[in-house]
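In: give me the fold of what follows.
(2 chains)
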2 protein chains.
Amino acid sequence: MAQAADIRQKYRVPDSPEPLRGADVSRERLLQATHELLLETGGAEPSVSQISARAGMQPGMVSYCFGGKRQLLDALMLRSTEHVMEELRNVAAADMPATEKLRRHVRRMVANFVRFPYTQHLSERLTAADPGIQPFAEHFAAPTLEFYRNLVAEGVAAGEFRAEIDSNLLFFSTVGMCEFLFAAKSWLPLAGEQLDEALIERFADHCANVLLTGITPNS
Amino acid sequence: MAQAADIRQKYRVPDSPEPLRGADVSRERLLQATHELLLETGGAEPSVSQISARAGMQPGMVSYCFGGKRQLLDALMLRSTEHVMEELRNVAAADMPATEKLRRHVRRMVANFVRFPYTQHLSERLTAADPGIQPFAEHFAAPTLEFYRNLVAEGVAAGEFRAEIDSNLLFFSTVGMCEFLFAAKSWLPLAGEQLDEALIERFADHCANVLLTGITPNS
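Out: Model prediction:
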């Protein structure tokens, strides 16, 4: 599992956007500990005592720093979307063809799901338990759906995408495709593959190529 | 959530292949109870007491019928793949073009993941906890990878698929695509969608169309 460990190190925690001071350091350690446990267990929700033990802190620090475990998990889910959402805004505003926008978005999303493979499923379980709170849906799914609507409209208007492409279905199929590689990482040895940078590159190219050739008019 | 309940009823438990007698009835009730709890919680692993309470049975029946909860979950995962694997064998043996084989496989897989959205992620978490036992990988992933290898070879030989298509990557991207609709069902309202037969049909068609046009030579 050396390769997986290398990847985990590289696609390591959610960097904080600002220099850390005092309580922020404790928050980061708890986020990092939770992130590691989620990766190691294939996404099983860790207990407060597991999180605090991994962080080398007293269990009470989870409440002190976040108000509770649910808020810690919410903060981690928001952090997990930061890079992909920043890219999304940049790409949406950029002056480039729709096909290139989709390609860049797919590459970022594959890399992000390799780093945070647990996010969507953790969000789904937390939402099932408490439907009122959906930070991942609000911060990732809603703006990404909007991005797909605009992207498909642009692509169709420019003649790059077929007119009948449904942006909702494209969203679900693309996110599902990008999410799956690390989510099913126990299957990689069956395919004679291992999770390394080369595989991530190949997979991102494959997804973008399948999608783009599929939604570009044959000519 | 009436629609979701309708779907759940329709895509209801794993039918047993044979008429039930004695202990088999108890096994089926426990499988059904576990299936329902997994659907309701977005895939969170239920406790033995939750399962037995839902089934209206004593907690000891889980051990009596299956040997333990892990064996019950393994039995449910095997059951969840029965229809899709039967279809896979039929399609592999059928005399039809590779494009049609992929289309039929995708439709079946979308329907199967709507019915059993929790299976792959539950399997991944169980494997992380105990890497030695991988019934879902052995019974679903391994033969499906083989199916993709043969399908791509057939399609390339017949000129239906581009020569550079990688069957491993096609497997991961296709399964991920098909798996995602119900796995992310809390996002459907954000898209103005609801999970019903019409959406499942549209999604299966969309996935097959995106994949097929993507892997068919442009001409």
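
In: spell out the secondary structure type for A:E124.
Out: helix (DSSP: H, G, I helix; E, B strand; the rest coil).

In: which residues does it contact?
Out: With contact set as Cβ atoms under 8 Å, 6 or more residues apart in numbering or on different chains, A:E124 has these partners: B:G42, B:G43, B:A183, B:A184, B:K185, B:S186. The C-beta positions use only the backbone N, C-alpha and C, and glycine is treated the same way.

In: tell me the contacts of A:R107?
Out: Per Cβ under 8 Å, 6+ apart, neighbours of A:R107: A:A204, A:A208.

In: so which strand or helix has it?
Out: Using DSSP states H and E, A:R107 sits in helix A:98-115.

In: which of the residues in that helix are buried?
Out: Using 16 or more other Cβ atoms under 10 Å in any protein chain shown as the burial criterion, the residues of helix A:98-115 that qualify are A:98-99, A:101-115.

In: near chain B, anything from stretch A:69-85?
Out: No: figure legend: stretch A:69-85 not in contact with chain B (Cβ under 8 Å from any Cβ of the partner chain); closest approach 12.8 Å.

In: one more: stretch A:147-156?
Out: No: counting by Cβ under 8 Å from any Cβ, chain B is not contacted by stretch A:147-156; separation bottoms out at 9.2 Å.

In: pLDDT-wise, what's the bottom of the contacts of A:E124?
Out: Least confident of the contacts of A:E124 in the model: B:A183, at 78.

In: could you find the closest non-adjacent residue to that residue?
Out: B:P117 (5.0 Å; Cβ to Cβ, 6 or more residues apart in numbering or on different chains).

In: quick one: contacts for the one you found?
Out: Contacts of B:P117 (Cβ under 8 Å, 6+ apart): B:L39, B:G43, B:E179, B:F182, B:A183, B:K185.

In: same thing but at 10 Å, please
Out: Counting by Cβ atoms under 10 Å, 6 or more residues apart in numbering or on different chains, B:P117 makes contact with A:121, A:124, B:11, B:38-39, B:42-43, B:80, B:179-185.

In: out of those residues, who's nearest B:S52?
Out: Minimum distance to B:S52 across those is 15.0 Å, recorded for B:L38 (Cβ to Cβ).

In: of the contacts of B:P117, which is the nearest to A:N150?
Out: Among those, and counting by Cβ to Cβ, the member closest to A:N150 is B:A184, at 20.3 Å.

In: ramachandran angles for that closest one?
Out: The phi/psi pair for B:A184 (degrees, to the nearest 10) reads phi -110, psi 40.

In: contacts only, for it.
Out: B:A184 touches A:120-121, A:123-124, A:136-137, A:141, A:171-172, A:175-176, A:179, B:42, B:117, B:190-191, counting by Cβ under 10 Å, 6+ apart.

In: generate a PyMOL selection restricted to the buried subset of those residues.
Out: The following PyMOL line selects those of the contacts of B:A184 that are buried, judged by 16+ other Cβ under 10 Å:
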select buried, (chain A and resi 120+121+123+124+136+137+141+171+172+175+176+179) or (chain B and resi 42+117+190+191)
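
In: so of the contacts of B:A184, which ones are in helices?
Out: A:Q120, A:H121, A:S123, A:E124, A:F136, A:F171, A:F172, A:V175, A:G176, A:E179 (DSSP state H).

In: so of those, which two are at opposite extremes in space?
Out: A:H121 and A:F171 (17.2 Å).

In: pLDDT averaged over stretch A:98-118 - what is it?
Out: For stretch A:98-118, the per-residue pLDDT averages 90.

In: I meant to write stretch A:161-170 there.
Out: 90.

In: mind checking the end-to-end distance for that stretch?
Out: Distance across stretch A:161-170, first residue to last, is 12 Å (Cα to Cα, to the nearest Å).

In: buried residues in that stretch?
Out: Neighbour count says stretch A:161-170 has A:F161, A:R162, A:I165, A:D166, A:S167, A:N168, A:L169, A:L170 buried, by 16+ other Cβ under 10 Å.

In: just send those residues back as CSV, with distance to B:R89 and secondary structure too.
Out: Below are the buried residues of stretch A:161-170 laid out as CSV (distance: Cβ to Cβ, whole Å; DSSP: H, G, I helix; E, B strand; the rest coil):
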residue, distance to B:R89, secondary structure
A:F161, 36, coil
A:R162, 34, coil
A:I165, 33, coil
A:D166, 32, coil
A:S167, 36, helix
A:N168, 33, helix
A:L169, 29, helix
A:L170, 31, helix
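
In: and chain B, which of those residues contact it?
Out: Intersecting these with the contacts of chain B gives A:R162, A:I165, A:D166, A:S167, A:N168, A:L169, A:L170 (criterion: Cβ under 10 Å from any Cβ of the partner chain).

In: tell me which two in these are the farthest apart.
Out: Maximum distance among those (Cβ to Cβ): 15.3 Å, for A:R162 and A:N168.

In: return the member of the contacts of B:A184 nearest to B:Q58.
Out: Distances from B:Q58 to the contacts of B:A184, taken by Cβ to Cβ, are shortest for B:G42, at 27.3 Å.

In: please name the nearest non-neighbouring residue to the closest one.
Out: A:A128 (3.7 Å).

In: quick one: that neighbour and B:S63, what's the gap?
Out: Separation of A:A128 from B:S63 (Cβ to Cβ, to the nearest Å): 27 Å.

In: the more surrounded of the two?
Out: A:A128 (16 against 13; other Cβ atoms under 10 Å in any protein chain shown).

In: CA atoms of the host helix or strand of the more buried one as CSV?
Out: A:A128 is part of helix A:119-129 when elements are defined by DSSP H and E. What follows is helix A:119-129 as a C-alpha-only set of coordinates in CSV (Å, rounded to 0.1, in the frame of the first residue of the first chain):
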residue,chain,number,x,y,z
THR,A,119,-17.4,13.4,0.8
GLN,A,120,-20.5,12.7,-1.3
HIS,A,121,-21.5,9.5,0.5
LEU,A,122,-20.8,10.9,3.9
SER,A,123,-23.0,13.9,3.0
GLU,A,124,-25.7,11.5,1.8
ARG,A,125,-25.7,9.6,5.1
LEU,A,126,-25.7,12.8,7.2
THR,A,127,-28.6,14.2,5.1
ALA,A,128,-30.6,11.0,5.6
ALA,A,129,-30.1,11.3,9.3
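
In: run the chain-centre distance for that helix.
Out: Taking Cα atoms, centre = their mean, to the nearest Å, one finds the center of helix A:119-129 at 13 Å from the center of the full chain.

In: now stretch A:179-193
Out: Using Cα atoms, centre = their mean, the offset of stretch A:179-193 from its chain centre is 17 Å.

In: now the end-to-end length of that stretch.
Out: Span of stretch A:179-193 from end to end, Cα to Cα: 17 Å.
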